[in-house]
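Engineer: with the sequence up front, the predicted model follows.
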Amino acid sequence: MKLNDELTNAIASVTEAAAIAAMPWIGKQNKNAADDAAVSAMRERLNNLNINGEIVIGEGEIDEAPMLYIGEKVGNGKGDKIEIAVDPIDGTRMVATGENNSLAILAAGFEGSFLQAPDMYMEKLIVGKQAAGVIDLNHCLEYNLDAIAQTLNKSIEQLTLAILDKPRHHDIINDLRAKGINVITLPDGDVLASLYATMPNNSIDVMYGIGGAPEGVISAAIAKALGGDMQARLITRDIAKGNSAENREYAVSEIARCHKMGTDVNIKLSLDTLVRNQDVMFAATAITKGDFLSGVNQQAQYLQTHSLVINGSTHSLRYIENYHLR
């Protein structure tokens, strides 16, 4: 079964709605309000679609409403069975502070397309099409960078790596720079980093780091649709955030939730495990202006949105500029 343009356009309208709803909160220093607005708009638009949808990975679980929670049914129930991996805003802090590169994003596919996992941390290693097949997360990062460099006919000093600028990554960043690797740090938004690594004519050779599992599955959909590669590992909070008693206790519940969903922590997940077929799509609409897309443009009589839609069924990438009349 293939994702046709009618279905992908309908699903892409969900990120448009989220971006428009978040736009009034740009620069207002209230990332929770921005996220709540985007979630509400996404849910409303999803429930108007002619799909029998389910959130399979998201930012919350059933006891964490109003987030789009794992297992939530969306759509009018009359169309195809669709799985959705959602992140209403990739870069909520950037919306709150008015910085560039905040996106409303989701990935979608038919039933059985995506890994099901809790909202937790995930270690990710992502490359574009030219380096597909050479990465192995069971080996150290240096081993992988050597393999990528060799495949791309580059020296390791010629590689460019994208990573989130988080305290948990600072030792890695310093070590990579000491080796002469060009490291691009992003304040937030590791889906953006995944786009950098997998888009045609990409300027980034590899994305690495620990971020959210929802963003990881969405990034895997991008890699799958564009012929790239990705490996990942679910990471408990005590490893990602520090070995405190509170984090250790939370890690126990994360492991239990993983087992309930049929997966486990600290094991390598291949791209085919994360996304099980090619018939998946990714949609992103810019909230603030960014490197790939212009942000929501507010005019007296209309709102202008700019979106990116990647369709794995057709191996296509489209930019959509829409005018939403007031």
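Structural biologist: Done, it's in. Residues are numbered from 1 along each chain as shown.
Engineer: ranges for the strands of this protein?
Structural biologist: Using DSSP state E, the strands of the chain run over 51-57, 73-74, 80-90, 103-110, 121-127, 160-164, 182-186, 206-212, 229-235, 280-286, 297-298, 302-311, 316-325.
Engineer: show me how far the second one is from its chain's centre.
Structural biologist: The chain centre lies 20 Å from the centre of strand 73-74; the measure is C-alpha atoms, centre = their mean, to the nearest Å.
Engineer: care to break the protein down by domain?
Structural biologist: 5-112+279-325, 121-274 (automatic domain parsing).
Engineer: as a markdown table, these with mean pLDDT and mean neighbour count would be great.
Structural biologist: C-beta coordinates here come from the backbone N, C-alpha and C atoms, glycine included. A markdown table is the format used below for the domains of the chain (pLDDT from 0 to 100; neighbours: other C-beta atoms under 10 Å):
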| stretch | mean pLDDT | mean neighbour count |
| --- | --- | --- |
| domain 5-112+279-325 | 93 | 20 |
| domain 121-274 | 95 | 19 |
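Engineer: can you say which of the strands of the chain is nearest to E44?
Structural biologist: strand 73-74 (9.9 Å; C-beta to C-beta).
Engineer: what distance separates the start and the end of stretch 157-172?
Structural biologist: 15 Å (C-alpha to C-alpha, to the nearest Å).
Engineer: contacting residues around that stretch?
Structural biologist: Residues outside stretch 157-172 that contact it (C-beta atoms under 8 Å, 6 or more residues apart in numbering) are 141, 145, 148-149, 152, 173, 176, 179-190, 193, 196-197, 203-211, 240-241.
Engineer: follow-up on the earlier one: so for Q29, which of the strands of the chain sits nearest?
Structural biologist: Using C-beta to C-beta, the nearest of those to Q29 is strand 80-90, at 14.7 Å.
Engineer: give me the helices and strands touching the closest one, please.
Structural biologist: Here strand 80-90 touches helix 5-22, helix 31-47, strand 51-57, strand 103-110, helix 190-198, helix 213-226, going by 3 or more C-beta pairs under 8 Å, 6 or more residues apart in numbering; DSSP states H and E.
Engineer: at 6 Å instead, please
Structural biologist: Under the contact definition 3 or more C-beta pairs under 6 Å, 6 or more residues apart in numbering; DSSP states H and E, strand 80-90 sits against helix 31-47, strand 51-57, strand 103-110, helix 213-226.
Engineer: alpha carbons of the longest one, as PDB, please.
Structural biologist: To tie it back to what came earlier, the one meant is helix 31-47. What follows is helix 31-47 as a C-alpha-only set of coordinates in PDB (Å, rounded to 0.1, in the frame of the first residue of the first chain):
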ATOM      1  CA  LYS A  31       7.400  27.200  25.900                       C
ATOM      2  CA  ASN A  32       4.600  25.300  27.700                       C
ATOM      3  CA  ALA A  33       1.900  27.600  26.300                       C
ATOM      4  CA  ALA A  34       3.400  27.200  22.800                       C
ATOM      5  CA  ASP A  35       3.500  23.500  23.100                       C
ATOM      6  CA  ASP A  36      -0.100  23.300  24.500                       C
ATOM      7  CA  ALA A  37      -1.300  25.400  21.600                       C
ATOM      8  CA  ALA A  38       0.400  23.200  19.000                       C
ATOM      9  CA  VAL A  39      -0.900  20.000  20.600                       C
ATOM     10  CA  SER A  40      -4.500  21.200  20.700                       C
ATOM     11  CA  ALA A  41      -4.300  22.300  17.000                       C
ATOM     12  CA  MET A  42      -2.700  19.000  16.000                       C
ATOM     13  CA  ARG A  43      -5.300  17.000  17.800                       C
ATOM     14  CA  GLU A  44      -8.200  19.000  16.300                       C
ATOM     15  CA  ARG A  45      -6.800  18.700  12.800                       C
ATOM     16  CA  LEU A  46      -6.000  15.000  13.100                       C
ATOM     17  CA  ASN A  47      -9.500  14.300  14.300                       C
END
